[in-house]
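when you get a sec, could you give me coordinates for this:
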Amino acid sequence: MQSGAQRRALSYLASKIHPQLPLTPRESEQLLKLLTTSFRTQLDREHPVTSTRESSGQASRQLVKIAALDNASPSPVPSSYSSADQHMLSILANPLFAVKPRRRASEPGSGGLHEVLRDPLTWFLNHVASGTADLSKAAACLAILKKYDERPVSVKPAAQIAKWLQTSNLETSGEFMRFSPHRLLEPLVELLSKEGEMAYCWRWLRQNRVSTDEHVVEFQSHLVRAIVGGPSGIDSDRVNLNHAVVAFMKAKETLGDSSKASGKVLRRSGTPLLRRIMAEGRPAIEPDMYESFLESAKSWALSSWSGSLQAILRLHHPTWPTAAPSIAYLRSGNALARVSSVGDVGKTFKHYRNIERNRRYLIHLCLEAARRCLAEQNYSDAQFALEFAKNHFPELTEGAKEQSQRMALREQLDQRRQQREEDSLALLNQLLPT
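Presented below is the predicted three-dimensional model:
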């Protein structure tokens, strides 16, 4: 057996006897190709791709479907070495390497409020580069960007923050889902919508879409509401209802029917959309998309109110409005069965709020149905709807009486003011010399 020292000595002498000659450029290129081919062959041998032609076709179709949802082009089924290449590229594209951290005695961002206000995105990316970024800093960056920053949308600061969430694995963490949505999620989705980078939002929605965890359901509810509302917000008068309904139906398709909590998630966005439709009367929504939204109410509306909501939506159909479902709903007796007395003892505030909301829906249904019947010259059904509202919602007639009394009092005050002005003019004429 040779010792280590002896082997090193023999290797040294051999290198002196047979020195390695420098390679020519052509030989170097051939050696590099040979090593690359050998590496890829060994990688495929250790991690073979066993998909058949049929499974490859299925995978390709799945990639096309997901890519169409995320506005991205599909990629072919990767081999093992291309997966390794993509893995290395994803590491090199990590935001940790996007910005060179500043080597100072103090931590990045120690320049105080002036530095943050001057360039909040650079301030945040410096924290990312140094590994000190967190959700609170991301929320602070978004708040300052929304209020003070005027950089062009092409810079895409929200996309850079979303990329950091992805590469740091925070986007699937409970910390991200429990963080205040008003501080982080909602402004982030709003800015991503302006930048045209909604693929991040759809991926967040697909993750854990079958989960029934309370925090996940709450996160998805805020996420869908922010996606549907777009840059202007779902409660804004400037919201594009057609785009909002398209986004809502896409969210419903993404969540699927397998999730027990999908109805609760969609209800938080569907109800505000219903209110916007009621406010506009004849919304500018494509008829086919409106029909899809109307049918979807069966899955996200509470079962006790699904019939009334669909009747209201039929009243406001953009091309074929009709009062027939509303009149049928009022005659069936289901309307009265769904309205409880607000005088019951032991009910919570949420119970009273729901009762008032439901009463508003029924009042709207009665009045709009009567108006539609009058437009169709169906006077008997119009009278029935008005009588129903008068008998079961006395606050309407009381409000009308109070309004008429206020108008009468205002007329009396106007007459008295006009009379005083006339008396003052007559007295002035008497005092002036003729």
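
for the rest of this, base every contact and every neighbour count on C-alpha atoms.
Noted.

state the mean pLDDT of stretch 201-212.
For stretch 201-212, mean pLDDT rounds to 84.

now do stretch 45-57
Mean predicted lDDT for stretch 45-57 stands at 54.

what does stretch 234-253 give?
The model assigns stretch 234-253 a mean pLDDT of 88.

what does it contact?
205, 224-230, 232-233, 262, 266, 269-270, 272-273, 276, 283-286, 289-290, 292-293 (CA atoms under 8 Å, 6 or more residues apart in numbering).

any buried residues in it, and which?
By 16 or more other CA atoms under 10 Å, the buried positions in stretch 234-253 come out as 234, 239-242, 244-252.

try stretch 265-279
265, 266, 267, 268, 269, 270, 273, 274, 276, 277, 278.

now for these: which two are most distant?
The largest separation in the buried residues of stretch 265-279, counting by CA to CA, is between 265 and 278 at 21.3 Å.

any idea how far residue 215 is from residue 171?
For residue 171, the distance to residue 215 equals 14 Å [CA to CA, to the nearest Å].

find residues that contact each of these two.
residue 177.

higher neighbour count, the two?
residue 171 (19 against 14; other CA atoms under 10 Å).

any idea which element residue 224 lies in?
Element membership for residue 224 (DSSP states H and E) is helix 214-229.

residues in contact with that helix?
With contacts defined as CA under 8 Å, 6+ apart, helix 214-229 is touched by 174, 177-178, 181, 185-186, 189-190, 193, 201, 205, 208, 211, 233-235, 239, 243-245, 247-248, 251, 261, 264-266, 268-269.

export the buried residues of stretch 234-253 to a markdown table and tack on distance to residue 133 and secondary structure?
As requested, the buried residues of stretch 234-253 are arranged in a markdown table below (distance: CA to CA, whole Å; DSSP: H, G, I helix; E, B strand; the rest coil):
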| residue | distance to residue 133 | secondary structure |
| --- | --- | --- |
| 234 | 31 | coil |
| 239 | 33 | coil |
| 240 | 35 | coil |
| 241 | 37 | helix |
| 242 | 38 | helix |
| 244 | 33 | helix |
| 245 | 36 | helix |
| 246 | 35 | helix |
| 247 | 32 | helix |
| 248 | 33 | helix |
| 249 | 35 | helix |
| 250 | 33 | helix |
| 251 | 30 | helix |
| 252 | 33 | helix |
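
pick out the most distant pair among these.
With CA to CA as the measure, no two of the buried residues of stretch 234-253 lie farther apart than 239 and 252, at 19.3 Å.

mind pulling up the pLDDT for residue 147?
On the pLDDT scale, residue 147 gets 82.

next one: residue 293
Confidence score, pLDDT, at residue 293: 94.

likewise residue 361?
Here, the pLDDT recorded for residue 361 equals 86.

quick one, what contacts the nearest residue to residue 198 once chain neighbours are set aside?
Nearest non-adjacent residue to residue 198, counting by CA to CA, 6 or more residues apart in numbering: residue 192, 5.9 Å away. When contacts are counted by CA under 8 Å, 6+ apart, residue 192 touches 156, 158, 159, 198.

top of the residues you listed by neighbour count?
residue 158 (25 neighbours).

can you tell me the helix or strand for it?
In this structure, residue 158 sits in helix 157-167 according to DSSP H and E.

so where's the stretch 51-200 of the chain uncertain?
Scanning the stretch 51-200 of the chain for pLDDT under 70 picks out the ranges 51-112, 149-154.

burial count for residue 32?
Applying other CA under 10 Å, we find 12 residues neighbouring residue 32.

does it count as helix, strand or coil?
helix (DSSP: H, G, I helix; E, B strand; the rest coil).

how far away is it from residue 38?
In terms of CA to CA, residue 32 sits 10 Å off from residue 38.

what of residue 233?
56 Å.

ok, these two, which is more surrounded?
More neighbours surround residue 233 than the other of residue 233 and residue 38, with 18 against 12 (other CA under 10 Å).

which SS class is that one?
Three-state assignment for residue 233 (three-state DSSP): coil.

just the helices in the stretch 201-350 of the chain please.
With helices called from DSSP state H, counting those that start in this stretch, the stretch 201-350 of the chain shows them at 214-229, 241-255, 262-280, 287-300, 306-315, 324-332, 334-337, 349-375.

and the ones you listed as TSV, adding distance to residue 388?
Output for the helices of the stretch 201-350 of the chain, formatted as TSV (distance: least, CA to CA, whole Å):
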stretch	distance to residue 388
helix 214-229	35
helix 241-255	31
helix 262-280	20
helix 287-300	25
helix 306-315	15
helix 324-332	8
helix 334-337	10
helix 349-375	7
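
so for residue 25, which of the ones you listed sits nearest?
helix 241-255 (54.2 Å).

what's the angle between that closest one and helix 214-229?
If you take axes from the mean of the first three to the mean of the last three CA atoms, to 10 degrees, helix 241-255 sits at 150 degrees to helix 214-229.

what's around residue 44, how many residues?
Number of residues near residue 44 (other CA under 10 Å) recorded here: 14.

actually residue 286, sorry about that
Considering only other CA under 10 Å, residue 286 is surrounded by 16 other residues.

and what of residue 364?
15.

measure it to residue 385 for me?
Distance from residue 364 to residue 385, by CA to CA: 11 Å.

now swap in residue 265 and tell me
33 Å.

repeat that for residue 269.
29 Å.

quick check: domain ranges of this protein?
By the assignment in automatic domain parsing, the chain contains the domains 92-195, 208-284, 302-419.

and among those domains, the most buried is which?
Of the domains of the chain, the one with the most neighbours on average (mean count of other CA atoms under 10 Å) is domain 208-284, at a mean of 19.

element containing residue 123?
helix 120-130.

and the angle from that helix to helix 157-167?
Orientation check (the same axes, to 10 degrees): helix 120-130 against helix 157-167 gives 20 degrees.

elements contacting helix 120-130?
For helix 120-130, the elements it packs on are helix 135-147, judged by 3 or more CA pairs under 8 Å, 6 or more residues apart in numbering; DSSP states H and E.

could you dump the helix it packs on to PDB, C-alpha only?
Provided in PDB are the C-alpha atoms of helix 135-147 (Å, rounded to 0.1, in the frame of the first residue of the first chain):
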ATOM      1  CA  LEU A 135     -44.400  42.100   4.700                       C
ATOM      2  CA  SER A 136     -44.500  45.300   6.800                       C
ATOM      3  CA  LYS A 137     -41.800  46.900   4.700                       C
ATOM      4  CA  ALA A 138     -43.600  45.800   1.500                       C
ATOM      5  CA  ALA A 139     -46.900  47.300   2.800                       C
ATOM      6  CA  ALA A 140     -45.100  50.600   3.700                       C
ATOM      7  CA  CYS A 141     -43.500  50.700   0.200                       C
ATOM      8  CA  LEU A 142     -47.000  50.200  -1.400                       C
ATOM      9  CA  ALA A 143     -48.600  52.900   0.700                       C
ATOM     10  CA  ILE A 144     -45.900  55.400  -0.200                       C
ATOM     11  CA  LEU A 145     -46.000  54.400  -3.900                       C
ATOM     12  CA  LYS A 146     -49.800  54.900  -4.000                       C
ATOM     13  CA  LYS A 147     -49.700  58.300  -2.300                       C
END
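
alright, I will stop here.
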